[in-house]
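S.K.: build me a model from this:
(one chain, ligands or ions: 1)
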Amino acid sequence: MSNSNLVTRWWPANLTNYTKGREGNKIQGIVVHHAASTSLDSIGAAFARAGRNGSAHYGVGGNQIHQYVDEADTTWHCSNWWGNVRTVGIETINSTGAPNWEIALNTFETLVKLVADIAKRNNLGRLWINPKADMPTLSGHKDWYGASTVCPGPSLYPRLQEIADRANAINFPPVVEVKPVVAWVDISPLELKAKEKIDILDLDTGADKGDIQAGMIISNLVQETTVNGKKYYRTLYSKTKGFNNGILAEALEPTDTVISPESIINGEVRETDVEIKVPNEDEKRPITEKEVKEEAKKDDGFGDDIAPAPGVKPGMKPEEVQKLIEEHKKNMEKAEEIIGEVNKDMEFSPKTKMIVYLLGDLLIIAGTQAPLVVALINTTDAVTFGQLLGQLLLSTGTMLLFTFKLLKKKDK
Ligand SMILES: [Zn+2]
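M.R.: Next up is the predicted model:
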């Protein structure tokens, strides 16, 4: 038995208020009280007066700990002699009076530290509470047989488990597994190619975290480290996730040729499951001239008339054909621009894009009908659409074919 060196003031109790010794008993538990007072000094003063017929070993208030009786002696505090000779009593100062008898935050913190200290010095082990047990290592005054009191009060009593848990955390800190530290150093982001098949290694455990096939490009290599004399890179993805996944530097080489983005393992997204992107039908790419022609061929009555460009007729001079092809190209670009503009607000299906391209071709034939065509594209009203079409029909006869095709498309 010893005393707490957390004590800030020794304030001896009067000998008439406690008993020397513990009748041969060891300290087996701690009993928490509230003082029913907001003044720590009032406790020391009361115990120092003869004839108080009560005492405790310690008093806690704010960050102060007062001691009144040596732990080796028996204080009269828990209304039960069997308990008195086996326990240490602590008075806790209240921050408010009846009925809540609250405890200030810093008082509670000091109480936890003192409880932990007493438990440790007296080898009480992990503290536990149980009002029905004979000798719990932590209890409240009212838990004791013979006590007719609310002590330690409605605020402190429900927190006994919390006190036990907090004190146990101090005396039995959780064992933290120490992992080997892999020291990563930031580098300018690299994009390198796998010379051979490479394992992605967990540098903590040596576990294989996935493969990189020979020839694959790994982008976003943002850190490097050296383990067992070998240099490894780590991707931005691993860095962000906190994975110590290393890619052996000597198995990588600079990228020499331009590679399509689809074949790059983008370390920013994923690194082990490589996804090769397969462009789908609605991929944002312009419909090619060839596709326009292919689509056009499917239409009855149209045949190869528009090949190689709209307006081209059998027997035309090569220069004339070339001129039409150039114009058609320009027109495609123009249509692309229009699509780009409109796309800001809406998504066009490939079919709709086709109509826009055809309208572009119509433009060639119609000559200077651009505003009309644009108006036609933008209208959603059937009547207006018809009227605009009518105006366009006034142009050349060749235009009819395109108009029919257009109407067919619009129907779909
Ligand atoms: Zn009490």
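
S.K.: tell me if I'm right that N14 and A50 touch.
M.R.: Yes: with contact defined as Cβ atoms under 8 Å, N14 counts as touching A50 (4.7 Å). To be clear about C-beta, it is placed using only N, CA and C from the backbone, and glycine gets the same treatment.

S.K.: ok, L192 to the ion distance?
M.R.: For L192, the distance to the ion equals 72 Å [Cβ to the ion, to the nearest Å].

S.K.: and that residue, how many neighbours?
M.R.: Counted with other Cβ atoms under 10 Å, residues neighbouring L192 total 18.

S.K.: for it, grab phi and psi.
M.R.: Here is the backbone geometry of L192 (degrees, to the nearest 10): phi -130, psi 160.

S.K.: run through the bridge partners of it.
M.R.: Here L192 shows beta-bridge partners I218, P254, assigned using DSSP bridges.

S.K.: thinking again about what came up before, when N14 and A50 are compared, which one has more neighbours?
M.R.: Neighbour totals were compared for N14 and A50, and N14 leads with 15 against 10 (other Cβ under 10 Å).

S.K.: wait, what's in contact with the more buried one?
M.R.: F47, A48, R49, A50, G51, R52 (Cβ atoms under 8 Å, 6 or more residues apart in numbering).

S.K.: for the fifth one, helix, strand, or coil?
M.R.: What that stands for is G51. Following DSSP: H, G, I helix; E, B strand; the rest coil, we place G51 in the coil state.

S.K.: ok, how many other residues are close to the closest residue to it other than its chain neighbours?
M.R.: Leaving out its chain neighbours, the residue that sits closest to G51 by Cβ to Cβ, 6 or more residues apart in numbering is T16, at 5.8 Å. The local packing of T16 (other Cβ under 10 Å) involves 11 other residues.

S.K.: ok so K142 is a strand residue?
M.R.: No: counting by three-state DSSP, K142 is not part of a strand but helix.

S.K.: touching, it and Y157? I think so.
M.R.: Yes: proximity of K142 to Y157 meets the contact threshold set by Cβ under 8 Å, at 7.0 Å.

S.K.: pull up the overlap in contacts between these two.
M.R.: Counting by Cβ under 8 Å, 6+ apart, the residues touching both K142 and Y157 are V150.

S.K.: one step back: any chance of the contacts of N14 in JSON lines, plus distance to E327?
M.R.: Below are the contacts of N14 laid out as JSON lines (distance: Cβ to Cβ, whole Å):
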{"residue": "F47", "distance to E327": "109"}
{"residue": "A48", "distance to E327": "111"}
{"residue": "R49", "distance to E327": "114"}
{"residue": "A50", "distance to E327": "119"}
{"residue": "G51", "distance to E327": "118"}
{"residue": "R52", "distance to E327": "113"}
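
S.K.: which of these lies closest to L203?
M.R.: Within those, the smallest distance to L203 is 62.3 Å, found for F47 (Cβ to Cβ).

S.K.: touching, that closest one and A35? I think so.
M.R.: No: judged on Cβ under 8 Å, F47 makes no contact with A35 at a distance of 10.9 Å.

S.K.: name the element N168 belongs to?
M.R.: Element membership for N168, per DSSP states H and E: helix 160-171.

S.K.: now that helix: buried residues?
M.R.: Of the residues in helix 160-171, L160, I163, A164, R166, A167, N168, N171 count as buried by neighbour count, 16 or more other Cβ atoms under 10 Å.

S.K.: how near is the nearest residue to V112 once chain neighbours are set aside to I129?
M.R.: Nearest residue to V112 in three dimensions, chain neighbours excluded: R166, at 4.4 Å (Cβ to Cβ, 6+ apart). Applying Cβ to Cβ, to the nearest Å, the value for R166 to I129 is 13 Å.

S.K.: and for T205?
M.R.: 41 Å.

S.K.: between the two, point out the one with more neighbours.
M.R.: Remark: of T205 and I129, I129 carries more neighbours, 18 against 11, as counted by other Cβ under 10 Å.

S.K.: tell me the contacts of the more buried one?
M.R.: Here I129 is in contact with P136, T137, L138, S139, L160, Q161, A164 (criterion: Cβ under 8 Å, 6+ apart).

S.K.: in this structure the third one contacts I118, no?
M.R.: Just to be clear, that refers to L138. No: L138 lies out of contact with I118 (Cβ under 8 Å); the separation is 9.9 Å.

S.K.: residue numbers of this protein in contact with the ion?
M.R.: Within the chain, the positions lying close to the ion (Cβ under 5 Å from the ion) are H33, H141, C151.

S.K.: all helices for the stretch 1-150 of the chain, in order.
M.R.: Along the stretch 1-150 of the chain, the segments classed as helices by DSSP state H, counting those that start in this stretch run 40-48, 81-84, 105-121.

S.K.: okay if I get those as TSV plus mean pLDDT and mean neighbour count?
M.R.: Output for those, formatted as TSV (pLDDT from 0 to 100; neighbours: other Cβ atoms under 10 Å):
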stretch	mean pLDDT	mean neighbour count
helix 40-48	96	19
helix 81-84	95	18
helix 105-121	97	20
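
S.K.: need these in TSV (columns: distance to E319).
M.R.: Converted to TSV, the helices of the stretch 1-150 of the chain look like this (distance: least, Cβ to Cβ, whole Å):
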stretch	distance to E319
helix 40-48	109
helix 81-84	116
helix 105-121	94
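
S.K.: and of those helices, who's closest to Y68?
M.R.: helix 40-48 (4.7 Å).

S.K.: show me what that closest one packs onto, helices and strands only.
M.R.: Where contact means 3 or more Cβ pairs under 8 Å, 6 or more residues apart in numbering; DSSP states H and E, helix 40-48 is packed against strand 58-61, strand 64-67.
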